[in-house]
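>>> Pasting the sequence and the predicted coordinates here, then a few questions.
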Amino acid sequence: MQYNKLPQTDIKVSEVCLGTMTFGQQNTEAEGHAQMDYAFEKGVNFFDTAEMYSIPGHKETYGSTEKIIGSWFKNSGKRDKIVLASKIAGPSPIFGYMREKLDFSPVSLQYALDNSLKRLQTEYIDLYQLHWPERKTNFFGQHGFKVQTDEWQDNIHQVLETLDGFVKSGKIKAVGVSNENPWGLMRFLEESKYHNLPRIATVQNPYSLLNRQFEVGSAEICHRENVGLLAYSPLGFGVLTGKFLEGMEKHPKARLNLFPQYNRYSSEQSVAATKMYHKIATKHGLSLTQLSLAFINQQKYVTSTIIGATSIPQLKENIEAFTVKLTEEILKEIDTVQAIYPNPAP
């Protein structure tokens, strides 16, 4: 296992980050604990969660993932060996059960953080992230920005001031954003630069062979401003394992069958591109999973890749894929497919 520093910090994280959003819905507490045990044994020291998990979000399962991680910390005694990331949810018309107001006001940030700490049974969170922007912008399956009515007032200075208080109190160590676009990322960096406020260390965005939009503007920001990408959905909800090429019906417990609303990776263009990537992998003696994860891992601006699994065999295959190194020939073949089907999954 290789390790990288979270930018702007002395915190070392494994190049593989264990995503946990299935804990509490698709996975039981025992299964979640088994995944954390296995990942830790393989050198994974970085876990990512969020206040709203498990996914899909429901009032009945709200906070369940953090509770499972918290019980693992208590039982294992390994809290000090894990770099823990969590997130506060942004505005949403369907998740109002989480707190009185879904925003990043000082009151909401304090409430969300304190409750996450309680569920996680810890006194601090290493990386605290804003799950999605307060303003209306393009994220969660939207290719481009559309101008629309927006009551958001620029409160980024206030948000960073509040987070600064959490850092000084020892409740968090570093801050990050998620599902953020280039304007938002630069706006946060600008505010911290000129007002000596906590600097964004990471941005957690989707990045895969089916969605390389991050490369268009955000990748250069990460490179020049020393911000790390935490790449999520690197396998596109399992599409980039190739298992659905043999038919969706053969995998009744797969996330795409259980939750068909998550269909952003299932378009006609995505399927066509996946078939081409599968041919490249087969040609070079690789699995599609290996090709997909190795591609993400080789990008210099990626600090860690978030993998999620519902079983130990899946988790084992994913972790082992990080030993693969793609040649220049393979990378050129991948770019050829990208040119034919550019970013088919937003």
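That came through, no problem.
>>> First residue to last residue on stretch 86-100, what's the distance there?
Start and end residues of stretch 86-100 are separated by 20 Å (Cα to Cα, to the nearest Å).
>>> same deal with stretch 196-211?
Stretch 196-211: ends 34 Å apart by Cα to Cα.
>>> again, but for stretch 87-102
Span of stretch 87-102 from end to end, Cα to Cα: 13 Å.
>>> for it, what is the average pLDDT?
Across stretch 87-102, pLDDT averages out at 92.
>>> Next: stretch 3-18.
Stretch 3-18 comes out at a mean pLDDT of 97.
>>> Make 6 the starting number, not 1.
With 6 as the first residue, the last one maps to stretch 8-23.
>>> In this structure Phe109 contacts Trp137, no?
No. Checked against Cβ atoms under 8 Å, the pair Phe109 and Trp137 is beyond contact range at 10.4 Å. Quick note: C-beta positions are derived from backbone N, CA and C, even for glycine.
>>> More neighbours: which of those two?
More neighbours surround Phe109 than the other of Phe109 and Trp137, with 24 against 21 (other Cβ atoms under 10 Å).
>>> contacting residues around the more buried one?
Listed by Cβ atoms under 8 Å, 6 or more residues apart in numbering, the contact set of Phe109 reads 93, 95, 135, 139, 160, 164, 167.
>>> what about 7 Å?
If a contact means Cβ atoms under 7 Å, 6 or more residues apart in numbering, then Phe109 has 93, 135, 139, 160, 164 as its contacts.
>>> Same check on Glu185?
Neighbours of Glu185 in contact, by Cβ under 7 Å, 6+ apart: 138, 208, 210.
>>> quick check, the first one in a strand?
No. With the criterion set as DSSP: H, G, I helix; E, B strand; the rest coil, the secondary structure at Pro138 is coil rather than a strand.
>>> So it versus Val164, what's the distance?
Note on Pro138: its distance to Val164, by Cβ to Cβ, to the nearest Å, is 11 Å.
>>> how about TSV for the contacts of Glu185, with pLDDT added?
Shown next, in TSV, are those (pLDDT from 0 to 100):
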residue	pLDDT
Pro138	96
Val208	98
Asn210	97
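>>> out of those, who has the most neighbours?
Val208 (27 neighbours).
>>> I'd say it and Leu234 touch.
Yes. Using Cβ atoms under 7 Å, Val208 makes contact with Leu234 at a distance of 5.9 Å.
>>> Quickly list what's touching both of these two.
Joint contacts of Val208 and Leu234 (Cβ under 7 Å, 6+ apart) are Cys227.
>>> Name whatever forms a beta bridge with the residue nearest the centre of the chain.
Residue closest to the mean C-alpha point of the chain, counted by Cα atoms, centre = their mean, is Tyr237 at 3.7 Å. Tyr237 has the following beta-bridge partners by DSSP bridges: Pro211.
>>> what's the distance between it and Gln343?
19 Å.
>>> And Ala35, by the same measure?
Ala35 is 41 Å from Gln343, by Cβ to Cβ.
>>> and what of Lys198?
Relative to Gln343, and taking Cβ to Cβ, Lys198 is found at 33 Å.
>>> Can you pick out the residue with more neighbours from these two?
Gln343 (18 against 11).
>>> Please give me every residue in contact with that one.
Contacts of Gln343 (Cβ under 7 Å, 6+ apart): Arg217.
>>> Then Ile130?
By Cβ under 7 Å, 6+ apart, the neighbours of Ile130 are 89, 91, 121-122, 177.
>>> before we move on, the earlier item: so which of the contacts of Glu185 comes closest to Gly290?
Asn210 (30.6 Å; Cβ to Cβ).
>>> give the contact list for that closest one.
Per Cβ under 7 Å, 6+ apart, neighbours of Asn210: 183-185, 219, 223, 234, 237.
>>> Next one: it from Val221, what distance?
12 Å.
>>> now do Val276
Taking Cβ to Cβ, one finds Val276 at 23 Å from Val221.
>>> okay, the two: which has more neighbours?
Val276 (16 against 11).
>>> In a strand, that one, correct?
No. Counting by three-state DSSP, Val276 is not part of a strand but helix.
>>> Give me the distance between it and Leu291.
20 Å.
>>> how about the strands in this protein?
Per DSSP state E, the chain has strands spanning 8-10, 17-19, 21-24, 51-53, 88-93, 130-135, 177-183, 205-211, 233-237, 307-312. These are given in chain order.
>>> Give me the neighbour count for the nearest residue to His228 once chain neighbours are set aside.
Leaving out its chain neighbours, the residue that sits closest to His228 by Cβ to Cβ, 6 or more residues apart in numbering is Tyr306, at 5.3 Å. A count of nearby residues for Tyr306, using other Cβ under 10 Å, gives 21.
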